[in-house]
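Engineer: The following comprises the amino acid sequence and a computationally predicted model.
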Amino acid sequence: MLVKPTRKDFKVIGYYLGRVFLIVAAAGSLPLLWAALSTEWHPFGSFLLMIGVFTFLGVLGTRLATRHPKLDWSHGMVVVALTWLVVPLIGAIPFLGSGHFGTPLDAIFDSVSGLTTTGLAVISDLDHLASSLNFWRHLLQFLGGLGIIVAALTVFAGPGGITLYFGEGRGERFLPSVTSISRFIWTVAAVHLAVIVTALTLVGWLVLGFEVHRATFHAITMFLAGFSTGGFAPQSTSIGYYHSAVFEGVAAISMVAGVMSFGLHHSLWRGPRRDAIANLETRTILSTFGFTLLLTLIGLAAAAAFTEITGLTRQGFFQIFSAHTTTGWATISSTELSGWGGLAFGGIAIAMALGGMGSATAGGVKAMRVGLTIKAVVTQVKQALLPERAVVAATYYQSGKRHLTHDTVMAVMTISLLYVALYLLGAGVGMAYGIPLQQALFESVSASATIGLSVGVTDPSMPALLQIVYMVQMWAGRLEFLALFSLIGFVYAAVRGK
Amino acid sequence: MAGGFAMFVIEGLVVVALVALAWVVSAVVLAIL
């Protein structure tokens, strides 16, 4: 029998939602300050309104319950799902009056795409967007990549905080408490921010010839998008705007940092470093990167898209690297990308579908699931070939040697199948609008795996229903379904429960 | 901060190694095709 949620359940959820909203309101003060310093008074007003709404809802929520009520698993999941629904809606307020979005849905689309670290965009005339709004787009990616909840948990981590952590698509617990995990994540982010922003600023200033303040703006925004594997860029031509292999190389470092799981960061920082190399996920992502790179380079060479080694390496490598880290920056236009076709196109689509690492800023199926699936298949084949009584035990390395259990395989297969279903959902709706299968599938995978590479389907003139479907895909893909199903279950219980 | 710089160097080396891999694969692919 379904148990109808009580008033107390709503109060607990409201309380934690309120706490999260207050944190996001505080984060909103950064673009507000940026707008004030840049004397962009129209965005300043819209940021003030957004902060006001977050603060109002935050105070309202926290007044619902006494301090730190107990948060159980289902409450936590509903809080996560609602956070990721409501924050992009309110976070779109500054975009609404900017004149760069045709409809409110367009503004919400970019907000969802930003927060989920996807990077697909329907904004028009991006190159003339106010700098504070451009900064907000990238800050949304940074918040979404690290996890809004993780941001909140750094400040408050009452009973049940670990539920919120897992609900945001993270499955690895590499430190004993959720507060220590959250603080470690922020330390990693802060240190990378300092080092990579400095490096990108120097490249912008000394190599590209930008003025220092312009170089700094580009460095900050590109770092926020790269480290979160988000893929927004301050210019409409993405990273291709810079026409610089050096800039692309340093930006690629931010993608490496972003795609790595925080458990891996922990191994590299605090040791043992052997863990980083022995880890099944590291080995899997390097293998799938090599495989998809090979497919793409063969495809490009066969189609004579590039006839000299420099162009083939640079363009092939960057697009695959961007796709597999789930970032979505491109050195070529969407028209050129859709023209690649054949094996190269397939290589990038596979790289997108299988990309990212768990407990990182990335989206997608993620390398650990790919690795475990391959292990499970190999084990099954071995079992079939050996005598009936033979027992085949499979092990893998993830922060220590582990046995591959039936439950793990079931969980991996279930989530992987759900991703495939999500890929097909968007592709089906796209085809219903007359988009060819290849392009509809590519764009759908890009949305579901939170990549952001586009073959031109996503633009300001796209159908509203397709926009909504892509938003659902980005949301479900980023949260890895668990929180989504919990919210559906909660709503169903509220309506039909007794 | 020193740890952060060390990480930057390690991550940079990863990028260099992967670019080198792409370069070699490109050379082989172009030679064959």
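Structural biologist: Arrived safely, thanks for sending. Residues are numbered from 1 along each chain as shown, chains lettered A, B, ... in the order given.

Engineer: In chain A, spot the helix with the most residues.
Structural biologist: As assigned by DSSP state H, the longest helix anywhere in chain A is helix A:7-37.

Engineer: Would you mark the buried spots in that helix?
Structural biologist: Buried residues in helix A:7-37, defined by neighbour count with 16 or more other Cβ atoms under 10 Å in any protein chain shown: A:9-25, A:27-28, A:31-32, A:34-35. All C-beta spots, glycine's among them, are computed from the backbone N, C-alpha and C.

Engineer: next one: stretch A:105-125
Structural biologist: A:106-124.

Engineer: contacting residues around A:L85?
Structural biologist: By Cβ atoms under 8 Å, 6 or more residues apart in numbering or on different chains, the contact list for A:L85 reads A:W475.

Engineer: The one 4 residues further on too?
Structural biologist: In this structure, A:L89 makes contact with A:108, A:111, judged by Cβ under 8 Å, 6+ apart.

Engineer: Surely it forms part of a strand?
Structural biologist: No: counting by DSSP: H, G, I helix; E, B strand; the rest coil, A:L89 falls outside a strand, being helix.

Engineer: Please report how far it lies from chain B.
Structural biologist: Remark: distance between A:L89 and chain B (Cβ to the nearest Cβ, to the nearest Å) = 35 Å.

Engineer: Return the per-residue confidence for the residue of chain B found nearest chain A.
Structural biologist: Nearest to chain A in chain B, going by Cβ to the nearest Cβ, is B:G4, at a distance of 3.1 Å. Note for B:G4: predicted pLDDT of 70.

Engineer: Just confirm it contacts A:A194, I think it does.
Structural biologist: Yes: in terms of Cβ atoms under 8 Å, B:G4 counts as a neighbour of A:A194; the distance is 6.7 Å.

Engineer: Mind checking which of these two has more residues around it?
Structural biologist: B:G4 (19 against 15; other Cβ atoms under 10 Å in any protein chain shown).

Engineer: what residues does chain A put near chain B?
Structural biologist: A:191-192, A:194-196, A:199, A:249, A:252-253, A:256-257, A:260, A:265, A:268-269, A:289-290, A:293-294, A:297-298, A:301-302, A:307, A:309, A:312-313, A:316-317, A:321 (Cβ under 8 Å from any Cβ of the partner chain).

Engineer: Listing request: residues of chain B with sub-threshold pLDDT.
Structural biologist: Applying pLDDT under 70 to chain B picks out residues B:1-3.

Engineer: Now with 80, please.
Structural biologist: Residue ranges of chain B with pLDDT under 80: B:1-5.

Engineer: what does the stretch 351-498 of chain A give?
Structural biologist: Looking along the stretch 351-498 of chain A with the criterion set at pLDDT under 80, you get A:359-364, A:388, A:399, A:498.

Engineer: ranges for the helices of it?
Structural biologist: Here the stretch 351-498 of chain A has its helices, by DSSP state H, counting those that start in this stretch, at A:367-385, A:406-432, A:437-448, A:464-479, A:482-496.

Engineer: Let's have those in a markdown table, adding distance to A:S74 and mean neighbour count.
Structural biologist: Below are the helices of the stretch 351-498 of chain A laid out as a markdown table (distance: least, Cβ to Cβ, whole Å; neighbours: other Cβ atoms under 10 Å in any protein chain shown):
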| stretch | distance to A:S74 | mean neighbour count |
| --- | --- | --- |
| helix A:367-385 | 24 | 17 |
| helix A:406-432 | 18 | 16 |
| helix A:437-448 | 25 | 25 |
| helix A:464-479 | 15 | 22 |
| helix A:482-496 | 6 | 16 |
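
Engineer: now those helices as CSV including distance to B:V29?
Structural biologist: Listed next are those as CSV, based on distance: least, Cβ to Cβ, whole Å:
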stretch, distance to B:V29
helix A:367-385, 24
helix A:406-432, 28
helix A:437-448, 23
helix A:464-479, 32
helix A:482-496, 41
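
Engineer: ok, the residue of the stretch 201-350 of chain A found nearest chain B - contacts?
Structural biologist: Chain B sits closest to A:F317 of the stretch 201-350 of chain A, with a gap of 3.9 Å, by Cβ to the nearest Cβ. The contact partners of A:F317, taken as Cβ under 8 Å, 6+ apart, are A:293, B:18-19, B:22.

Engineer: Please name the nearest non-neighbouring residue to the residue of the stretch 101-250 of chain A found nearest chain B.
Structural biologist: Closest residue of the stretch 101-250 of chain A to chain B, Cβ to the nearest Cβ: A:V191 (3.1 Å). Spatial nearest neighbour of A:V191, chain neighbours left out: B:G4 (3.1 Å); criterion: Cβ to Cβ, 6 or more residues apart in numbering or on different chains.

Engineer: for A:S74, same thing?
Structural biologist: A:S486 (5.8 Å).

Engineer: Equivalent analysis for A:G430, please.
Structural biologist: Per Cβ to Cβ, 6+ apart, closest to A:G430 is A:A440, 3.1 Å.

Engineer: and what of A:A278?
Structural biologist: A:Y397 (4.4 Å).

Engineer: So which helix or strand of chain A has the lowest pLDDT on average?
Structural biologist: Ranked by mean pLDDT, DSSP states H and E, the helix or strand of chain A with the weakest confidence is helix A:161-167, at a mean of 62.

Engineer: so who does A:F47 touch?
Structural biologist: Contact partners of A:F47, counting by Cβ under 8 Å, 6+ apart, are A:28, A:31-32, A:35, A:94, A:132, A:136.

Engineer: Tell me, what's the model's pLDDT at it?
Structural biologist: So, for A:F47, pLDDT stands at 98.

Engineer: Then A:M222?
Structural biologist: 98.

Engineer: Run a quick neighbour tally on it.
Structural biologist: A:M222 has 26 nearby residues by other Cβ under 10 Å.

Engineer: Repeat that for A:W205.
Structural biologist: Residues near A:W205, counting by other Cβ under 10 Å: 18.

Engineer: Quick check on it: phi, psi?
Structural biologist: phi -80, psi -50 (degrees, to the nearest 10).

Engineer: Contacts only, for the nearest residue to it once chain neighbours are set aside.
Structural biologist: Nearest residue to A:W205, sequence neighbours excluded (Cβ to Cβ, 6+ apart): A:A215, at 4.2 Å. By Cβ under 8 Å, 6+ apart, the contact set of A:A215 is A:200-205, A:208.

Engineer: Sweet, I'm off.
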